[in-house]
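S.K.: the sequence isn't on hand, but the structure is:
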């Protein structure tokens, strides 16, 4: 059977099982590898994408449940250069290994879209992704800087 | 006979490229090892610098990128000596080839003057030692990224000298063109300048000719006062690609016709596959093959999720080889018994343990659990076996060692094996030699489906349950105090899975010491975990010193300072950390401050932790104030980032980290039962760097060891509860429960 997915504004008709996990369909079928596999149980957030603007963990989402939805991956976050969040990440030299950062940036971008000046507490509540390199202090600093600019 | 011959690698890189390189020793160097080790620090120049005609300077590194910033810091060291225009400097990983083995690490750093004996091999490299270190050749197959060694070894003994040598050759080339003496020339911003006439050439113009000149055996190194690039913090080269998803890690590899594989390894370490019924996956979509290995089953499919679901549907039967009833409790009982048995002495000063008779003996026994590494990118490798050759792609902490391992596993000669080193989503020691099960399984799987590339990915559960763990270690201390409250005797006995640990040696001046170990191997595989031995001995030593200070009714900072007499660098770090943290200022009830200082990998770190312990026993670490003496920060911001990360890494372990063994297998499987610090639990972190003229220290690991003792010492200050076992969360809850009963 075919599942129709709208990813980064492009429609893909994919011959996959309805319960195939969105993460692996994005990576292996569509070929977008910026979205990462970390845990497979929606615990770490490395696979975070936007579904209709909401940050969601794609490793446990069956593709059939998001047919027709607007799916955005890190590759589709911006059509023209880095976003303010990505620029803040560069300015604060946030990433270390970088593996979790696609998911981090997707989670933070979804938060900032709704709340441009989140407090530390609001950031911690909304972004529960795991970074094993421990870049949290810089994530916090980058978001504080964004909040200052916007606020 | 020439022991080392400079070679010119024409045609490497862009046309006209200059490659500063020195031929390495032949791979079989056993007979010449002493001569090598006896001549340290003389000319550890290697194949590290390419200059293109357009002036681009590429520093080719015998390392891999796991996010520590060395792909920017090491080029800084080369560029500094080259007097390069930083905007023209790049970095790339060296091929996994013996020509690019890291002589600066192997010969210059580790073996310098010490001889080739197992006890001279640091813990993070023990995995490179094959069969009890029979052959130096394998040890020299080094392209290791670990042991916080990139800057302090590769940089100091290799890259900066290669930079200085390249500069000298460029000067000679320009001087020859002008028919002047090289002494009349200066260098600046990637140009050679004839001082008297003001004429100049860019490095790119000179590169082709410069390659025909020799560098002297001791090229001029800049005095530190003249540095303009080292000691600054240029933006890291790798970061722009890490914020837009375009860095391709091992797991992202794409190859035409690629297949995917998922594995189920015997849950009990060392178990053997008895059999598996293939019928649950018969006829399932996309399944290509069921591969039966000695200790695992692998399902190969056209997509990863189909392979994963396929292997999950199987019910393989394993023989547990007698380890099916081993538990954490049993291992702890064996360790306790061993500590009461015969011990092997490592350190004895003064009258050793006999000095305990001088007074009342204070005794405490500590324990740390097994820990998984759990890097964000689970273990994976892609392999293609075709026509008797093997090609492998993976992110590991040793490209050349990986190639050797794949060759060995496949039963092929090294020249039949190609290894492509890819960026890693975290290493922390998990991807070091000796911990290469993912390569072995990928190679064996590929050999079962010849002609097709196969990407084997561990699920998080397989990754967590088939790691090489930070060992579970038990350590018992006994001490007696003199009339002034200071220790007269220090007696420490600890368990080890392999050899004695140098990190058990103490910084403190105590007249009578006896440090001994007892080997208690188990069937649980262990390996280097960020900061290795210091991760446990740092906790043990800094906890027990704290106990002694409280027993002596002395301030823990003042007590340590007295014990650090004659160690001004350590004392300065400790004092500054206390001062920055406001040590001694009163705190509210339920709050406490703790300090710890550890030196490892040539860097001294003191942390002061501030904690709040709630009435329900839950702990919040509010702030960590840290002082770091790595002598010469190459990139100060990069070093700060590493220490921030180390603090968070150390805190996850201290608060939550625990791998337990039940029925021979690991109990924990994924992040929900092996929790991590998130943004919400991340304390405020304040780091101050110290600078001095000592040898530059490592950056990646030294921030880890003082975290756990600083926090448990703070918990003691807040509550009077002394935690001698980790992790904190479960131990504090257990303490609270036993106190209320």
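M.R.: Arrived safely, thanks for sending. Because the structure is predicted, anything quoted here is derived from the model rather than measured.

S.K.: end to end, how far does stretch B:722-730 reach?
M.R.: Counting by C-alpha to C-alpha, to the nearest Å, you get 14 Å between the two ends of stretch B:722-730.

S.K.: just the buried residues of it, please?
M.R.: Going by neighbour count (16 or more other C-beta atoms under 10 Å in any protein chain shown), the buried part of stretch B:722-730 is B:722, B:723, B:724, B:725, B:726, B:727, B:728, B:729. C-betas here are computed from N, CA, C, even on glycine.

S.K.: what do you get for stretch A:49-67?
M.R.: Applying 16+ other C-beta under 10 Å to stretch A:49-67 flags A:49, A:50, A:51, A:55, A:56, A:57, A:58, A:59, A:61, A:63, A:66 as buried.

S.K.: from these, which two are the most distant?
M.R.: A:55 and A:63 (18.0 Å; C-beta to C-beta).

S.K.: which intervals of the stretch 51-200 of chain B have sub-threshold pLDDT?
M.R.: B:99, B:103-141 (pLDDT under 70).

S.K.: can we see that at 80?
M.R.: Scanning the stretch 51-200 of chain B for pLDDT under 80 picks out B:95, B:97-142, B:157.

S.K.: kindly report the same for the stretch 401-550 of chain B.
M.R.: By pLDDT under 80, the stretch 401-550 of chain B has no low-scoring segment.

S.K.: ok, the residue of it found nearest chain A - contacts?
M.R.: Residue of the stretch 401-550 of chain B nearest chain A, by C-beta to the nearest C-beta: residue B:425 (2.9 Å). By C-beta atoms under 8 Å, 6 or more residues apart in numbering or on different chains, the contact set of residue B:425 is A:36, A:97, A:98, A:99, A:100, B:249, B:250, B:251, B:375, B:376, B:377, B:395.

S.K.: for it, which non-adjacent residue is closest in space?
M.R.: residue B:377 (2.5 Å; C-beta to C-beta, 6 or more residues apart in numbering or on different chains).

S.K.: helix, strand or coil for the one you found?
M.R.: Secondary structure assignment for residue B:377 (DSSP: H, G, I helix; E, B strand; the rest coil): coil.

S.K.: any idea how far it is from residue B:396?
M.R.: Using C-beta to C-beta, to the nearest Å, residue B:377 is found at 11 Å from residue B:396.

S.K.: got any residues that touch both of these two?
M.R.: With C-beta under 8 Å, 6+ apart, residue B:377 and residue B:396 have common neighbours residue B:424.

S.K.: between these two, who's got more neighbours?
M.R.: More crowded of residue B:377 and residue B:396, by other C-beta atoms under 10 Å in any protein chain shown: residue B:396, with 33 against 30.

S.K.: contacts only, for the more buried one.
M.R.: B:64, B:402, B:421, B:424, B:431, B:432, B:436, B:439.

S.K.: again, only using 10 Å
M.R.: B:64, B:66, B:96, B:143-145, B:250, B:379, B:381, B:402-403, B:405, B:419, B:421-422, B:424, B:427, B:430-433, B:435-436, B:438-439 (C-beta atoms under 10 Å, 6 or more residues apart in numbering or on different chains).

S.K.: quick one: residue B:222 and residue B:160 touch, right?
M.R.: Yes: under the criterion of C-beta atoms under 10 Å, residue B:222 makes contact with residue B:160 at 8.7 Å.

S.K.: so those two - more neighbours on which side?
M.R.: Set side by side, residue B:222 and residue B:160 show more neighbours around residue B:160, with 28 against 16, by other C-beta under 10 Å.

S.K.: give me the nearest residue to the more buried one, chain neighbours excluded.
M.R.: Among residues not flanking residue B:160 along the chain, residue B:77 sits closest, at 4.4 Å (C-beta to C-beta, 6+ apart).

S.K.: confirm that neighbour sits in a strand?
M.R.: No: if the criterion is three-state DSSP, then residue B:77 is helix and not within a strand.
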